[in-house]
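Q: Predicted model and sequence follow; I will ask about them next.
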Amino acid sequence: MNLWLRLLWCILIQPFTPKLEVPDGVSRLKFRVMPHDLDAIGHMNNGRYLTIGDLGRLDLVLASGLWRAVVKNRWTPIASSIAIRFRREMRLFEPFQLETRVLGWDDTIVVIEHQFVFVKGERAGQVASRALFKGGFYDRKVRAFVPITEVMTAMGYSGPSPKLPTDVEAFLKADDAMRQAA
């Protein structure tokens, strides 16, 4: 993660934010496109979206209280797959909000959505980009992925996974096909 000031900001604001209830809660972080976020064309670099998505997942872990279990058990977060769809460019100094939410899970993976949303001007409320993230937590002591039911319990939720939308099912199916092809 190469966004140290943004990382520090996410950690510092945490005591002042309400607890995030999963799976319905949404992490909302406000940022601005900075000069170091730009590519040669002058809009936010496509890789920067993924890096800023890391901050959204960190905020979700911190705000939900999951960080306590992660630290206590020394779980390692693992990214398995990410798909992103770019809709509109984000330009220099443009303010945006990153919205991060848990969409669903199975035995060992969780699917998280990131939406980059414009917050000012004529495009306010429009989605600039949407990403789907698939990952989990690895327990190095037992050399296995942590069951997501244990992760969800650590966040205070003991119910079933919400039904996944068809686009998320398609994402998981495409990811499985890529995994098998490798």
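A: Now that the structure is in, tell me what you want to look at.
Q: contacts and neighbour counts: CA atoms only from here.
A: Noted.
Q: which residues of the protein fall in helices?
A: 4-13, 46-64, 66-73, 148-154, 166-181 (DSSP state H).
Q: Distance check, T76 against N45.
A: For T76, the distance to N45 equals 27 Å [C-alpha to C-alpha, to the nearest Å].
Q: Tell me which residue is most central in this protein.
A: R57 (3.8 Å; C-alpha atoms, centre = their mean).
Q: And that one, how far from T51?
A: On the measure of C-alpha to C-alpha, R57 and T51 end up 10 Å apart.
Q: just V119 next, same as before
A: 20 Å.
Q: R85: neighbour count?
A: 11 (other C-alpha atoms under 10 Å).
Q: Kindly state the beta-bridge partners for it.
A: R130 (DSSP bridges).
Q: returning to that earlier point: so between V119 and T51, which is more surrounded?
A: V119 (18 against 13).
Q: so which of the helices of the chain comes closest to M90?
A: With C-alpha to C-alpha, the closest approach to M90 among the helices of the chain belongs to helix 46-64: 10.2 Å.
Q: The closest one packs against which elements?
A: helix 4-13, strand 27-32, strand 95-105 (3 or more C-alpha pairs under 8 Å, 6 or more residues apart in numbering; DSSP states H and E).
Q: tell me the angle of it relative to helix 66-73?
A: 90 degrees (axes from the mean of the first three to the mean of the last three C-alpha atoms, to 10 degrees).
Q: For helix 46-64, list every residue counted as buried.
A: 48-50, 52-64 (16 or more other C-alpha atoms under 10 Å).
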